[in-house]
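Peer 1: A predicted structure for the sequence below; I have some questions about it.
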Amino acid sequence: MKNIYDCTKEELENYFISKNEKKFKATQVYEWLYQKKINSFDDMSNIKKDIIEELKKDFAISSLKIITKQIGKDVCKYLFELDDKNEIEAVLMKHDYGNSLCVSSQVGCNMGCKFCESGRLKKVRNLEAYEMVLQLLLVEADLNIRISHLVLMGIGEPFDNYDNVIKFIDIINDPKGLALGSRHITVSTSGIVPKIKEFIKDGKQVNLAISLHAPNNELRSQLMPVNRAYSLDILIPTIKEYITKTNRRVTFEYVLLKGVNDSKKHALELAKLLDKMNCYVNLIPYNETSHIEYKKSDQDTIMAFYDVLKKNNIGVTIRREFGSSVSAACGQLRAKHKEEQ
Ligand code: SAH
Ligand code: SF4
C-alpha cells in the first residue's frame with residue numbers, strides 16, 4: 001500500500017479528483033500531516049468520515065523506529081530502522097542560523113569512495129521518498145524543534161536515487177506542507193554527470209554540492225571510482241554549464257586526508273581548476289573511522305591549504321567538526337551498530 005508521506009500534493013489532488021472530491025482536500029491533508037503534524041487519519045477533524053475511511057483503505061501512514069540516538073553538544077545523531085529492518089542514519093546539527101538535518105538517501109552506497117564508511121557497504125536499496133520525509137518528521141517530533149535546513153549528505157548517493165530524491169524535495173518544499181525553502185535544501189553528489197545534466201533541466205532551485213576531494217584525475221580516480229566513468233574533464237564543464245544556466249553558486253566539498261590530497265601543491269592545483277568559477281570550497285576535516293586507514297590532516301596543514309585557496313581568490317570555508325564525538329560522518333553509526341550485534 002502506498003504511504004501517505006510518499007505523495008506530492010499534486011498526486012494527492014489527483015487522487016481526490018479521481019474520487020470525485022474537490023482537490024483542495026489535498027491541501028487539508030497536507031496541513032494535517034506537515035503543519036499540525038498529526039499521524040492518524042482519524043484525527044483529521046475537518047475531513048468527512050467517509051473520506052477518512054477511503055484514505056485508510058488506500059494509504060498507509062507508517063513511521064520509522066528510532067534504534068539509538070547519540071547526543072553531543074549541538075548535534076544529535078539518529079539510527080533508524082526501516083520496515084524491512086534495514087538501518088539508516090540522520091544527523092541534526094544546531095547552527096546559529098537554525099537547525100540543519102542531514103538525511104540518508106539509500107541503504108548503503110555503490111560509489112565505493114575509498115575513505116567513506118557508507119561506501120564499504122554496497123547499496124542494498126534506494127530509499128522511498130516517504131522514508132526521507134519521515135527522517136525529518138521524526139527528528140522534529142523527537143527534539144520538539146523545527147528543522148530549517150536540510151542536506152542530503154547522509155548514507156547514499158542522492159543522484160543514484162534521482163526520482164525519489166526529487167519527489168522528496170517537492171514534498172518538503174510544498175508551501176502547504178513543511179514549506180522548507182529551496183535555498184535551505186542542499187543535495188550533494190559524487191559527480192554523476194548525466195544526473196547533474198537532468199538536474200539542470202529540472203530547474204530545481206535547491207543548492208548543489210559536488211564532492212571533489214582531488215584536483216586531478218589520477219588522484220580522484222584512486223579515491224573515487226566514479227571519476228573513472230565521469231572524469232574531471234566532463235564533470236567541471238558540466239558544473240560550469242550548471243552555473244551559467246542557473247546563475248547559482250556551487251559548493252565543492254573537499255575532505256582533507258593526511259598525506260594524500262592535502263599539500264600546498266594540491267591546493268594550488270585546485271585553485272587553478274576552479275579559477276573564475278562561481279563557487280566555493282568547503283574543506284572537511286576527515287572523520288577517522290576504525291576500518292579505513294586514512295588519517296585526518298593536521299590543523300597546520302588544513303590552515304595552509306586554506307590560505308593557498310584564499311590567496312588565489314577561491315571562496316573557502318572549513319567545516320565545523322560536529323561529528324567526531326558521535327561518529328557523525330556518514331555511515332559510521334550504522335557500521336558501529338552492525339558490529340555490536
Ligand atoms: N554521496 C554523496 C552524499 C553523501 S556523502 C556525496 O558523496 O556527495 C556526504 C559528504 O561526506 C561527501 O562529501 C563525502 O565525501 C563526505 N564524507 C564521507 N565520509 C567522510 C568522513 N569519514 N569524514 C568526513 N567526510 C566524509
Ligand atoms: Fe557514497 Fe558519498 Fe560515501 Fe562516496 S562519499 S561512498 S558517494 S556516500
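Peer 2: Happy to help now that I have it. Being a predicted model, the structure only gives us computed values, none of them experimental. Ligands and ions are numbered 1, 2, ... in the order given.
Peer 1: contacts and neighbour counts: CA atoms only from here.
Peer 2: OK.
Peer 1: so what's C76 closest to, chain neighbours aside?
Peer 2: L92 (5.1 Å; C-alpha to C-alpha, 6 or more residues apart in numbering).
Peer 1: and the pLDDT for that neighbour?
Peer 2: We have a pLDDT of 95 for L92.
Peer 1: what's the neighbour count on it?
Peer 2: 25 (other C-alpha atoms under 10 Å).
Peer 1: checking my notes, it in a strand, right?
Peer 2: Yes - counting by DSSP: H, G, I helix; E, B strand; the rest coil, L92 falls inside a strand.
Peer 1: contacts only, for it.
Peer 2: The neighbours of L92, taking C-alpha atoms under 8 Å, 6 or more residues apart in numbering as the test, are V75, C76, K77, N99, S100, L101, C102, V139.
Peer 1: tally of neighbours for K73?
Peer 2: By other C-alpha under 10 Å, 11 other residues sit near K73.
Peer 1: how about the residues of this protein by ligand 1?
Peer 2: Contacts of the chain with ligand 1, taken as C-alpha under 6 Å from any ligand atom, map to 115-117, 153-157, 188-190, 210-211, 253, 255, 284, 286-288, 329-330.
Peer 1: in three-state terms, label F168 for me.
Peer 2: Following three-state DSSP, the label given to F168 is helix.
Peer 1: right, and it touches L136 too?
Peer 2: No - in terms of C-alpha atoms under 8 Å, F168 does not count as a neighbour of L136; the distance is 10.7 Å.
Peer 1: which residue ranges of the stretch 51-200 of the chain form strands?
Peer 2: Assigned by DSSP state E, counting those that start in this stretch, the strands in the stretch 51-200 of the chain fall at 59-60, 65-72, 75-81, 87-95, 98-103, 106-107, 125-126, 149-152, 185-189.
Peer 1: what angle separates the last one from strand 98-103?
Peer 2: Translated: strand 185-189. Here the directions of strand 185-189 and strand 98-103 differ by 40 degrees (axes from the mean of the first three to the mean of the last three C-alpha atoms, to 10 degrees).
Peer 1: for the second one, same thing?
Peer 2: For the pair strand 65-72 and strand 98-103, the angle between their directions (the same axes, to 10 degrees) equals 130 degrees.
Peer 1: quick one, strand 65-72 and strand 75-81 angle?
Peer 2: 160 degrees.
Peer 1: now swap in the longest one and tell me
Peer 2: For strand 87-95 against strand 75-81, the angle by the same axes, to 10 degrees is 160 degrees.
Peer 1: helix or strand for Y30, just tell me which one.
Peer 2: If you go by DSSP states H and E, Y30 is part of helix 24-30.
Peer 1: send the alpha carbons of that helix over as CSV?
Peer 2: The C-alpha trace of helix 24-30 is given here as CSV (Å, rounded to 0.1, in the frame of the first residue of the first chain):
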residue,chain,number,x,y,z
PHE,A,24,-8.4,21.3,-2.0
LYS,A,25,-8.8,18.3,0.3
ALA,A,26,-5.2,17.5,-0.6
THR,A,27,-4.2,20.8,0.9
GLN,A,28,-6.2,19.9,4.1
VAL,A,29,-4.5,16.6,4.3
TYR,A,30,-1.1,18.3,3.8
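Peer 1: for it, packing partners?
Peer 2: Helix 24-30 is packed against helix 9-18, with contacts defined by 3 or more C-alpha pairs under 8 Å, 6 or more residues apart in numbering; DSSP states H and E.
Peer 1: ok now the helix it packs on, how far from the chain's centre?
Peer 2: 28 Å (C-alpha atoms, centre = their mean, to the nearest Å).
Peer 1: go on, stretch 289-306?
Peer 2: In terms of C-alpha atoms, centre = their mean, the centre of stretch 289-306 is set 23 Å apart from its chain centre.
Peer 1: number of nearby residues for the residue of the stretch 51-200 of the chain found nearest ligand 2?
Peer 2: Using C-alpha to the nearest ligand atom, G119 is the residue of the stretch 51-200 of the chain that sits closest to ligand 2, at 3.5 Å. For G119, the neighbour count with other C-alpha under 10 Å is 21.
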